[in-house]
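1. My questions are about this predicted structure, shown below with the sequence.
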Amino acid sequence: MKLIKPSFELLTSLNSSILKSIERAGRICYQSESGTDTSESFCKKIISRGHESVLEHESISVKFIIDRGVSHELVRHRLCAFSQESTRYCSYKNHVTFIIPPWVSIPAGIYKNGHVVNIEDALWFDSCMTAEYNYHLLLQKWTPQQARSILPNSLKTEIIVTANLREWRHILRLRTAQTAHPQMREVMCPLLETLKKQIPVIFEDI
């Protein structure tokens, strides 16, 4: 059994061409091709006016490594493209990988057995260990798409999400809020901070 922490990877190169593209689209609306604003100040102005439809002309792709439970929330966002690891076709014969929740204090690593002092952590650990053991037994008779039915929400999944900038603003507002699920915030909060550093004018107000 392998335990890992969740992570994300930004797949889109964010540079000034994104802002120039948004500016070009926005100036069509106002017929102001000869404006003197920089791309950054123009984008800041249209966001402050609530004219966010212009942001739909550019998109960002992010690869997440999260648990299945979090991915079930993520794919509820409609205006996105998703490509996700398939438990129908992927067979975890060597070991099953699980995502460590932020409230479980077990270090990442590969485990064949383990002694966990905290009773709640031990219950989570033993549940994952049992799921892996039974999954491997079932693979002797069943296909991966049949055996997957006993795997828990803590199962690791990889998913690439592509969305336009307006939709990312919507996702990040919802998924970084204090009321969002702790495991969702665990990846979305650092993603937001990364985007604020790389393309601040689009995300600095969130």
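-> Done, it's in.

2. Could you pull out the strands in this structure for me?
-> All strands of the chain, identified by DSSP state E, fall at 2-4, 7-10, 59-67, 80-84, 97-99, 109-110, 156-164.

3. right, so the ones you listed: which one is the most enclosed?
-> strand 97-99 (a mean of 25; mean count of other CB atoms under 10 Å). Yep, even glycine has a C-beta here, placed from its N, CA and C like the rest.

4. Determine the set of other helices and strands touching that one.
-> In terms of contacts (3 or more CB pairs under 8 Å, 6 or more residues apart in numbering; DSSP states H and E), strand 97-99 is packed against strand 2-4, strand 59-67, strand 156-164.

5. Could you tell me the model confidence score at the closest residue to E40 other than its chain neighbours?
-> Nearest-residue entry for E40: V201, 4.9 Å, with adjacent residues in sequence omitted and distances by CB to CB, 6 or more residues apart in numbering. Confidence at V201, expressed as pLDDT, is 94.

6. hang on, V201 packs against K44?
-> Yes - with contact defined as CB atoms under 8 Å, V201 counts as touching K44 (5.1 Å).

7. which other residues reach stretch 134-150?
-> T87, R88, Y89, C90, S91, Y92, K93, V96, A131, L151 (CB atoms under 8 Å, 6 or more residues apart in numbering).

8. Go again with 6 Å.
-> Residues outside stretch 134-150 that contact it (CB atoms under 6 Å, 6 or more residues apart in numbering) are T87, R88, S91, A131.

9. Can you give me the first-to-last residue distance of stretch 95-103?
-> 23 Å (CA to CA, to the nearest Å).

10. how far out from the middle of the chain is it?
-> Centroid separation for stretch 95-103 versus its chain: 15 Å, with CA atoms, centre = their mean, to the nearest Å.

11. dump the residue contacts of the residue nearest in space to the middle of the chain.
-> Geometric centre of the chain, nearest residue: F64, 4.2 Å, by CA atoms, centre = their mean. Residues near F64 by CB under 6 Å, 6+ apart: F8, I159, V187.

12. try 7 Å this time
-> Residues near F64 by CB atoms under 7 Å, 6 or more residues apart in numbering: F8, I159, V161, V187.

13. Report the beta-bridge partner residues of it.
-> F8, I159 (DSSP bridges).

14. what's the distance between it and N94?
-> In this view, F64 and N94 are 22 Å apart by CB to CB, to the nearest Å.

15. what does C189 give?
-> Taken as CB to CB, the span from C189 to N94 is 32 Å.
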